[in-house]
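Peer 1: here's a sequence, model it:
(2 chains)
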Number of protein chains: 2
Amino acid sequence: MSVVTLGVADLARARRFYEEGLGWRRGNSEAEVAFYQLNGMVLALYPSRSLAADAGIAPEASGFAGITLAYNGRSREEVDVVIAEAEAAGAIVVKRRQEVFWGGYSGYFADLDGHVWEVAFNPFWSLDEAGHVSLAGRG
Amino acid sequence: MSVVTLGVADLARARRFYEEGLGWRRGNSEAEVAFYQLNGMVLALYPSRSLAADAGIAPEASGFAGITLAYNGRSREEVDVVIAEAEAAGAIVVKRRQEVFWGGYSGYFADLDGHVWEVAFNPFWSLDEAGHVSLAGRG
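Peer 2: Alright, predicted model coming up:
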(Lines give C-alpha, C1' and ligand atoms only; values in the text may rest on other atoms or scores of the structure.)
Protein backbone atom coordinates (compact mmCIF):
# COMPACT_ATOMS: atom_id res chain seq x y z
CA MET A 1 0.00 0.00 0.00
CA SER A 2 1.38 3.38 -1.00
CA VAL A 3 -1.16 6.01 -0.03
CA VAL A 4 -4.12 6.38 2.30
CA THR A 5 -6.32 9.36 1.44
CA LEU A 6 -8.76 10.77 3.96
CA GLY A 7 -11.67 12.74 2.59
CA VAL A 8 -12.23 15.97 4.55
CA ALA A 9 -14.97 18.59 4.55
CA ASP A 10 -12.60 21.54 5.07
CA LEU A 11 -8.96 21.10 4.11
CA ALA A 12 -7.67 24.08 6.13
CA ARG A 13 -9.43 22.81 9.25
CA ALA A 14 -8.14 19.27 8.75
CA ARG A 15 -4.59 20.57 8.22
CA ARG A 16 -4.75 22.51 11.47
CA PHE A 17 -5.92 19.38 13.30
CA TYR A 18 -3.13 17.16 12.00
CA GLU A 19 -0.32 19.73 11.83
CA GLU A 20 -0.96 21.91 14.86
CA GLY A 21 -3.00 19.49 16.95
CA LEU A 22 -1.02 16.31 16.37
CA GLY A 23 2.27 17.73 15.15
CA TRP A 24 2.49 16.07 11.75
CA ARG A 25 4.96 17.64 9.33
CA ARG A 26 3.53 18.30 5.91
CA GLY A 27 5.44 17.34 2.79
CA ASN A 28 4.57 19.08 -0.42
CA SER A 29 1.02 20.24 -0.84
CA GLU A 30 -1.04 21.92 -3.47
CA ALA A 31 -4.13 24.08 -3.26
CA GLU A 32 -6.51 21.16 -2.90
CA VAL A 33 -4.43 18.43 -1.28
CA ALA A 34 -1.91 17.98 1.53
CA PHE A 35 0.60 15.12 1.69
CA TYR A 36 2.37 13.71 4.74
CA GLN A 37 5.33 11.34 4.48
CA LEU A 38 4.85 8.41 6.84
CA ASN A 39 6.94 5.27 7.18
CA GLY A 40 7.39 4.18 3.57
CA MET A 41 4.04 5.55 2.51
CA VAL A 42 2.06 8.73 2.20
CA LEU A 43 -1.08 9.98 3.90
CA ALA A 44 -3.13 12.54 1.99
CA LEU A 45 -5.92 14.90 3.01
CA TYR A 46 -8.24 15.77 0.16
CA PRO A 47 -11.76 17.24 0.02
CA SER A 48 -14.33 14.42 0.22
CA ARG A 49 -16.24 15.63 -2.79
CA SER A 50 -13.12 15.71 -4.94
CA LEU A 51 -12.07 12.31 -3.65
CA ALA A 52 -15.41 10.74 -4.54
CA ALA A 53 -15.37 12.41 -7.95
CA ASP A 54 -11.82 11.21 -8.57
CA ALA A 55 -12.85 7.63 -7.76
CA GLY A 56 -15.98 8.01 -9.87
CA ILE A 57 -18.37 7.19 -7.04
CA ALA A 58 -21.21 8.98 -5.26
CA PRO A 59 -20.06 11.04 -2.26
CA GLU A 60 -23.11 10.41 -0.06
CA ALA A 61 -22.39 8.32 2.98
CA SER A 62 -23.42 7.88 6.55
CA GLY A 63 -22.23 5.99 9.54
CA PHE A 64 -19.15 3.88 10.09
CA ALA A 65 -16.70 3.82 7.20
CA GLY A 66 -15.63 0.25 7.87
CA ILE A 67 -11.98 1.30 8.09
CA THR A 68 -9.95 2.28 11.11
CA LEU A 69 -6.46 3.71 11.22
CA ALA A 70 -4.08 3.11 14.07
CA TYR A 71 -1.06 4.81 15.55
CA ASN A 72 1.04 2.54 17.75
CA GLY A 73 2.95 4.25 20.53
CA ARG A 74 5.87 2.94 22.56
CA SER A 75 4.17 2.97 25.96
CA ARG A 76 0.83 3.36 27.72
CA GLU A 77 1.91 6.90 28.62
CA GLU A 78 2.40 7.80 24.94
CA VAL A 79 -1.12 6.55 24.21
CA ASP A 80 -2.46 8.85 26.92
CA VAL A 81 -0.52 11.84 25.55
CA VAL A 82 -1.61 11.35 21.93
CA ILE A 83 -5.27 10.96 22.84
CA ALA A 84 -5.11 14.06 25.02
CA GLU A 85 -3.52 16.03 22.15
CA ALA A 86 -6.23 14.88 19.74
CA GLU A 87 -8.99 15.76 22.18
CA ALA A 88 -7.47 19.19 22.78
CA ALA A 89 -7.48 19.72 19.01
CA GLY A 90 -11.19 18.96 18.74
CA ALA A 91 -11.35 15.19 18.24
CA ILE A 92 -14.08 13.17 19.90
CA VAL A 93 -12.88 10.33 22.11
CA VAL A 94 -15.12 7.44 21.05
CA LYS A 95 -13.56 4.84 23.35
CA ARG A 96 -11.74 5.75 26.52
CA ARG A 97 -8.19 4.43 26.72
CA GLN A 98 -8.09 1.11 28.55
CA GLU A 99 -6.43 -2.26 28.90
CA VAL A 100 -7.84 -4.41 26.09
CA PHE A 101 -8.57 -8.09 25.65
CA TRP A 102 -5.61 -8.81 23.35
CA GLY A 103 -3.12 -7.74 26.01
CA GLY A 104 -2.45 -4.17 24.97
CA TYR A 105 -3.72 -0.72 25.89
CA SER A 106 -5.69 1.49 23.54
CA GLY A 107 -8.31 4.12 22.95
CA TYR A 108 -10.09 5.48 19.92
CA PHE A 109 -10.82 8.99 18.71
CA ALA A 110 -12.74 10.33 15.71
CA ASP A 111 -11.09 13.24 13.90
CA LEU A 112 -13.01 16.33 12.75
CA ASP A 113 -14.35 14.44 9.72
CA GLY A 114 -15.25 11.29 11.63
CA HIS A 115 -12.20 9.22 10.60
CA VAL A 116 -11.60 6.76 13.40
CA TRP A 117 -8.09 6.37 14.84
CA GLU A 118 -7.01 3.83 17.40
CA VAL A 119 -4.04 4.85 19.53
CA ALA A 120 -2.48 1.73 20.95
CA PHE A 121 0.41 0.27 22.85
CA ASN A 122 0.97 -3.31 21.67
CA PRO A 123 3.60 -5.16 23.74
CA PHE A 124 3.68 -8.02 21.21
CA TRP A 125 4.74 -6.05 18.13
CA SER A 126 8.06 -4.32 17.66
CA LEU A 127 8.64 -0.73 16.54
CA ASP A 128 12.06 0.17 15.13
CA GLU A 129 13.83 3.51 15.64
CA ALA A 130 11.93 5.07 12.75
CA GLY A 131 8.60 3.84 14.08
CA HIS A 132 8.19 1.07 11.50
CA VAL A 133 5.97 -1.67 12.81
CA SER A 134 6.89 -5.30 12.52
CA LEU A 135 4.63 -8.25 13.20
CA ALA A 136 7.62 -10.02 14.68
CA GLY A 137 7.49 -9.70 18.45
CA ARG A 138 10.03 -8.27 20.82
CA GLY A 139 10.91 -11.54 22.44
CA MET B 1 0.45 5.42 11.09
CA SER B 2 0.98 1.83 12.12
CA VAL B 3 -2.07 -0.13 11.07
CA VAL B 4 -4.96 0.18 8.64
CA THR B 5 -7.82 -2.19 9.42
CA LEU B 6 -10.43 -3.01 6.80
CA GLY B 7 -13.77 -4.24 8.07
CA VAL B 8 -15.01 -7.24 6.09
CA ALA B 9 -18.28 -9.15 5.98
CA ASP B 10 -16.66 -12.57 5.49
CA LEU B 11 -13.06 -12.99 6.58
CA ALA B 12 -12.43 -16.20 4.60
CA ARG B 13 -13.74 -14.58 1.43
CA ALA B 14 -11.67 -11.43 2.00
CA ARG B 15 -8.54 -13.53 2.63
CA ARG B 16 -9.05 -15.40 -0.64
CA PHE B 17 -9.39 -12.09 -2.49
CA TYR B 18 -6.19 -10.56 -1.09
CA GLU B 19 -4.08 -13.71 -0.84
CA GLU B 20 -5.11 -15.71 -3.89
CA GLY B 21 -6.46 -12.88 -6.04
CA LEU B 22 -3.80 -10.26 -5.38
CA GLY B 23 -0.98 -12.42 -4.07
CA TRP B 24 -0.50 -10.84 -0.65
CA ARG B 25 1.43 -12.94 1.85
CA ARG B 26 -0.22 -13.24 5.22
CA GLY B 27 1.77 -12.74 8.41
CA ASN B 28 0.41 -14.21 11.58
CA SER B 29 -3.33 -14.51 11.87
CA GLU B 30 -5.81 -15.64 14.44
CA ALA B 31 -9.31 -17.01 14.11
CA GLU B 32 -10.93 -13.61 13.68
CA VAL B 33 -8.22 -11.45 12.15
CA ALA B 34 -5.55 -11.61 9.43
CA PHE B 35 -2.43 -9.42 9.37
CA TYR B 36 -0.28 -8.48 6.37
CA GLN B 37 3.14 -6.87 6.76
CA LEU B 38 3.44 -3.92 4.38
CA ASN B 39 6.21 -1.34 4.12
CA GLY B 40 6.79 -0.38 7.75
CA MET B 41 3.17 -0.92 8.69
CA VAL B 42 0.48 -3.55 8.93
CA LEU B 43 -2.80 -4.05 7.12
CA ALA B 44 -5.44 -6.05 8.95
CA LEU B 45 -8.68 -7.67 7.82
CA TYR B 46 -11.23 -7.95 10.60
CA PRO B 47 -14.99 -8.56 10.61
CA SER B 48 -16.83 -5.23 10.35
CA ARG B 49 -19.07 -5.95 13.30
CA SER B 50 -16.12 -6.75 15.54
CA LEU B 51 -14.26 -3.69 14.30
CA ALA B 52 -17.17 -1.37 15.08
CA ALA B 53 -17.63 -3.01 18.48
CA ASP B 54 -13.93 -2.66 19.21
CA ALA B 55 -14.06 1.05 18.41
CA GLY B 56 -17.26 1.43 20.40
CA ILE B 57 -19.31 2.76 17.50
CA ALA B 58 -22.43 1.66 15.62
CA PRO B 59 -21.71 -0.63 12.65
CA GLU B 60 -24.43 0.69 10.36
CA ALA B 61 -23.15 2.57 7.34
CA SER B 62 -23.94 3.22 3.74
CA GLY B 63 -22.24 4.78 0.79
CA PHE B 64 -18.73 6.08 0.36
CA ALA B 65 -16.43 5.59 3.34
CA GLY B 66 -14.53 8.81 2.68
CA ILE B 67 -11.22 6.94 2.61
CA THR B 68 -9.38 5.50 -0.35
CA LEU B 69 -6.31 3.29 -0.35
CA ALA B 70 -3.77 3.31 -3.13
CA TYR B 71 -1.19 0.93 -4.50
CA ASN B 72 1.47 2.64 -6.61
CA GLY B 73 3.00 0.52 -9.35
CA ARG B 74 6.22 1.09 -11.27
CA SER B 75 4.67 1.46 -14.72
CA ARG B 76 1.43 1.84 -16.61
CA GLU B 77 1.66 -1.85 -17.48
CA GLU B 78 1.79 -2.82 -13.79
CA VAL B 79 -1.35 -0.77 -13.17
CA ASP B 80 -3.11 -2.70 -15.93
CA VAL B 81 -1.97 -6.06 -14.52
CA VAL B 82 -3.03 -5.31 -10.92
CA ILE B 83 -6.47 -4.07 -11.95
CA ALA B 84 -6.96 -7.13 -14.16
CA GLU B 85 -5.99 -9.42 -11.24
CA ALA B 86 -8.42 -7.66 -8.92
CA GLU B 87 -11.23 -7.86 -11.44
CA ALA B 88 -10.54 -11.56 -12.01
CA ALA B 89 -10.79 -12.07 -8.23
CA GLY B 90 -14.23 -10.45 -8.09
CA ALA B 91 -13.52 -6.74 -7.57
CA ILE B 92 -15.65 -4.15 -9.32
CA VAL B 93 -13.75 -1.67 -11.48
CA VAL B 94 -15.29 1.67 -10.50
CA LYS B 95 -13.08 3.81 -12.72
CA ARG B 96 -11.42 2.50 -15.83
CA ARG B 97 -7.65 2.94 -15.93
CA GLN B 98 -6.71 6.14 -17.73
CA GLU B 99 -4.29 9.03 -18.01
CA VAL B 100 -5.26 11.45 -15.23
CA PHE B 101 -5.10 15.20 -14.80
CA TRP B 102 -2.14 15.21 -12.40
CA GLY B 103 0.11 13.59 -14.95
CA GLY B 104 -0.11 9.95 -13.92
CA TYR B 105 -2.12 6.91 -14.92
CA SER B 106 -4.64 5.23 -12.65
CA GLY B 107 -7.82 3.28 -12.16
CA TYR B 108 -9.97 2.39 -9.16
CA PHE B 109 -11.55 -0.83 -8.00
CA ALA B 110 -13.82 -1.69 -5.07
CA ASP B 111 -12.95 -4.89 -3.21
CA LEU B 112 -15.56 -7.45 -2.14
CA ASP B 113 -16.54 -5.30 0.85
CA GLY B 114 -16.61 -2.03 -1.08
CA HIS B 115 -13.21 -0.72 0.06
CA VAL B 116 -11.96 1.52 -2.71
CA TRP B 117 -8.40 1.08 -4.04
CA GLU B 118 -6.67 3.29 -6.55
CA VAL B 119 -3.95 1.59 -8.58
CA ALA B 120 -1.65 4.25 -9.94
CA PHE B 121 1.57 4.99 -11.74
CA ASN B 122 2.92 8.33 -10.53
CA PRO B 123 5.96 9.52 -12.50
CA PHE B 124 6.64 12.28 -9.95
CA TRP B 125 7.11 10.13 -6.84
CA SER B 126 9.90 7.66 -6.27
CA LEU B 127 9.59 4.04 -5.14
CA ASP B 128 12.63 2.36 -3.62
CA GLU B 129 13.60 -1.30 -4.07
CA ALA B 130 11.29 -2.37 -1.28
CA GLY B 131 8.38 -0.39 -2.70
CA HIS B 132 8.56 2.41 -0.13
CA VAL B 133 7.07 5.61 -1.50
CA SER B 134 8.81 8.92 -1.15
CA LEU B 135 7.33 12.31 -1.88
CA ALA B 136 10.70 13.32 -3.23
CA GLY B 137 10.63 13.03 -6.99
CA ARG B 138 12.86 11.05 -9.26
CA GLY B 139 14.96 14.03 -10.06
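Peer 1: next one: residue A:31 from residue A:46, what distance?
Peer 2: Using Cβ to Cβ, to the nearest Å, residue A:31 is found at 11 Å from residue A:46. For every residue, glycine as well, the C-beta is placed using N, CA and C.
Peer 1: show me which of these two is the more surrounded one.
Peer 2: residue A:46 (20 against 6; other Cβ atoms under 10 Å in any protein chain shown).
Peer 1: could you say which helix or strand contains that one?
Peer 2: Residue A:46 is located in strand A:42-47, with elements delineated by DSSP states H and E.
Peer 1: does that strand come close to chain B?
Peer 2: Yes: residues of strand A:42-47 are located near chain B by Cβ under 8 Å from any Cβ of the partner chain, namely A:42, A:43.
Peer 1: got a list of contacts for that strand?
Peer 2: A:2-9, A:11, A:14-15, A:18, A:27, A:32-36, A:54, B:1, B:125, B:133, B:135 (Cβ atoms under 8 Å, 6 or more residues apart in numbering or on different chains).
Peer 1: note down every partner strand of it and its orientation.
Peer 2: Sheet pairing of strand A:42-47 (DSSP bridges) gives strand A:3-8 (parallel), strand A:33-37 (antiparallel).
Peer 1: distance from the chain centre to the longest one, please.
Peer 2: To tie it back to what came earlier, the one meant is strand A:3-8. Centre-to-centre, strand A:3-8 and its host chain are 10 Å apart (Cα atoms, centre = their mean, to the nearest Å).
Peer 1: check which residues of it are buried.
Peer 2: A:3, A:4, A:5, A:6, A:7, A:8 (16 or more other Cβ atoms under 10 Å in any protein chain shown).
Peer 1: what about stretch A:105-125, distance to the chain center?
Peer 2: With Cα atoms, centre = their mean, you get 8 Å for stretch A:105-125.
Peer 1: which strand or helix spans residue A:50?
Peer 2: Applying DSSP H and E as the criterion places residue A:50 in helix A:48-55.
Peer 1: typo on my end, residue A:81
Peer 2: Per DSSP H and E, residue A:81 falls inside helix A:76-88.
Peer 1: rewinding a little: just the buried ones from the contacts of strand A:42-47?
Peer 2: Buried members of these, counted by 16+ other Cβ under 10 Å: A:2-8, A:11, A:14-15, A:18, A:27, A:33-36, A:54, B:1, B:125, B:133.
Peer 1: what's the following helix or strand after the helix or strand bottoming out on mean pLDDT in chain A?
Peer 2: Lowest by mean pLDDT, DSSP states H and E among the helices and strands of chain A is strand A:61-63, with a mean of 69. Next helix or strand after strand A:61-63 toward the C-terminus (DSSP H and E): strand A:67-73.
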